[in-house]
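Engineer: Next comes the sequence, and after it the predicted model I'd like to discuss.
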Amino acid sequence: MLSFARVLGDFWNVVATVLTLLLSVIASGHVVLYKRDSRAAVGWVGLIWLVPIVGSVLYALLGINRIRRQAIEKRSQHPLLASGAFAAVTAVTEQRPLPGAVEHLQALASLVDRVSAVPLTTGNAISPLVDGDEAYPAMVEAIESATASVALSTYIFDNDFAGGLFVEALERAVQRGVEVRVLIDTVGARYSRPSIVRDLNRRHVPVGLFGRTVLPWRMPYMNLRNHRKILVADGRIGFTGGMNIREGSLLERMPAYPVQDLHFRLDGPVVTHLTRTFAEDWAFTTHERLFGEPWFPSLGSVGDVVARGINDGPDEDFDKARFVFMGALACARQRVRIVTPYFIPDAGLISALDVAALRGVQVEILLPEVNNLAIVQWAATAQLWQVLQRGCRVYYTAPPFDHSKLMLVDDGWVLFGSTNWDARSLRLNFEFGVECYNVPLAQTLNGLVDRKLERARQITTGEVNARPLHIKLRDGVARLAAPYL
């Protein structure tokens, strides 16, 4: 009997060893085939083999981009989401050469043509809205005046005073018979308690939650988020930028945690790009397709801004924002201005910034003096020397925390939206941005940046190098987590 038990035990040991080996081979093969970043691939393969079974399980849970796979599958199932299916509802103006004042940026426009696969539109009007004090009243008014449809997508929708303004306006729109759809990211919906979703449901406002997470209450960083901020009323009036819906953006109310931010109102054909992006996300989340005149009316010329919307995400839109950043840096001749709350660029973007500065382009990077995420600020500080030593100028803007996201090139090109200069935005999140070719708009936004610089201080290589050793070690350790911040 003992001999049989020993044989049986040896048999199961062999089975376990073979299964462990097979699992490691399969997981490693998946890494090699699907991981684009070689450093991430090496790290995952090492974990899989050094920590058998556990490494494979962790890769299955955290390393596989399921949202990307599901997005491709769902787009193939829904004709509206298939490539080219929006042709009938995206009646954008045929692209023409850029106006003379920005003609030298034609190469950049051509690059984004290929990257985004979305044509430029002419005849747009775009107005910047500073902080929630300007943005929220304009957005609520658009909801109140809507007669056909309202599409609202946001990352954070807090259950506070600001959130209440929107909930009440949305409820009144529903009561008027307006088609209302609200999309909130699953993680962003948990930023306040109780969640605003409960209130929206109680008021019969159709709401969808984008994405599911693994242990979301404990690991809010381990997910792929819908970070887009889009509002469209009647398919005609659009709003987008970097602003969430929360009381901290209403600076006039003197909130406990004030946040500076920047949003934009859009009128004209480019609004269709906002609606299209929302419709894709809504169909992905709820399987409901939005189409027809209430959502996609014919839009005529209302201004002189040339613009287009740019999707970015971990699906077929992967790396689009990063290519646009790099293209803009390569095409710049005189000046580049970047305003971002989170600055942890990868090696390629750092090289592009450095090359632009070495070519004689004035590169200015504005970061908040005090960040709302300490670990992100530590990681960013650990990398600053890489751009400072090549001639880029870095400034810390005065509190309150500045959440604005803006890029300006040669006083004629503007990029705004939800994308940060970090790996989470550029590799993991679903983002939306708008590029514009227009000198007056660029001048207006340069004036805004100038006002920020009046209250900013420039950071030098000497200051970064003078940090105490324990601070350098802390910042360096934080930098190791950069791909997940």
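Structural biologist: Good, I have the coordinates.
Engineer: hey, where'd the helices end up in the stretch 51-200 of the chain?
Structural biologist: Under the criterion DSSP state H, counting those that start in this stretch, the stretch 51-200 of the chain carries helices at the ranges 54-58, 66-77, 106-116, 131-145, 161-175, 196-202.
Engineer: Please tell me I have it right and residue 474 contacts residue 378.
Structural biologist: Yes: in this structure residue 474 lies within contact range of residue 378 using Cβ atoms under 8 Å: 5.9 Å. From N, CA and C alone the C-beta is placed, and that goes for glycine too.
Engineer: Find residues that contact each of the two.
Structural biologist: Common contacts of residue 474 and residue 378, defined by Cβ atoms under 8 Å, 6 or more residues apart in numbering, are absent altogether.
Engineer: Please tabulate the helices of the stretch 51-200 of the chain in TSV, including the columns distance to residue 468, mean neighbour count and mean pLDDT.
Structural biologist: Conversion of those to TSV gives the following (distance: least, Cβ to Cβ, whole Å; neighbours: other Cβ atoms under 10 Å; pLDDT from 0 to 100):
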stretch	distance to residue 468	mean neighbour count	mean pLDDT
helix 54-58	35	17	78
helix 66-77	41	15	52
helix 106-116	42	17	94
helix 131-145	36	18	98
helix 161-175	40	18	98
helix 196-202	43	17	96
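Engineer: Distance to residue 334 added to the ones you listed, as TSV?
Structural biologist: Output for the helices of the stretch 51-200 of the chain, formatted as TSV (distance: least, Cβ to Cβ, whole Å):
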stretch	distance to residue 334
helix 54-58	48
helix 66-77	38
helix 106-116	14
helix 131-145	29
helix 161-175	39
helix 196-202	45
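Engineer: out of those helices, nearest to residue 265?
Structural biologist: With Cβ to Cβ, the closest approach to residue 265 among these belongs to helix 131-145: 5.9 Å.
Engineer: Tabulate the CA atom coordinates of that closest one in PDB.
Structural biologist: Below are the C-alpha coordinates for helix 131-145, written out as PDB (Å, rounded to 0.1, in the frame of the first residue of the first chain):
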ATOM      1  CA  ASP A 131     -12.200  76.500 -14.500                       C
ATOM      2  CA  GLY A 132     -15.600  75.200 -13.600                       C
ATOM      3  CA  ASP A 133     -16.700  78.700 -13.000                       C
ATOM      4  CA  GLU A 134     -16.900  79.300 -16.700                       C
ATOM      5  CA  ALA A 135     -17.300  75.700 -18.000                       C
ATOM      6  CA  TYR A 136     -20.100  74.300 -15.800                       C
ATOM      7  CA  PRO A 137     -22.700  77.100 -16.400                       C
ATOM      8  CA  ALA A 138     -22.100  76.900 -20.200                       C
ATOM      9  CA  MET A 139     -22.400  73.100 -20.100                       C
ATOM     10  CA  VAL A 140     -25.600  73.100 -17.900                       C
ATOM     11  CA  GLU A 141     -27.100  75.800 -20.200                       C
ATOM     12  CA  ALA A 142     -26.500  73.600 -23.200                       C
ATOM     13  CA  ILE A 143     -28.300  70.700 -21.400                       C
ATOM     14  CA  GLU A 144     -31.100  73.000 -20.500                       C
ATOM     15  CA  SER A 145     -31.600  74.200 -24.000                       C
END
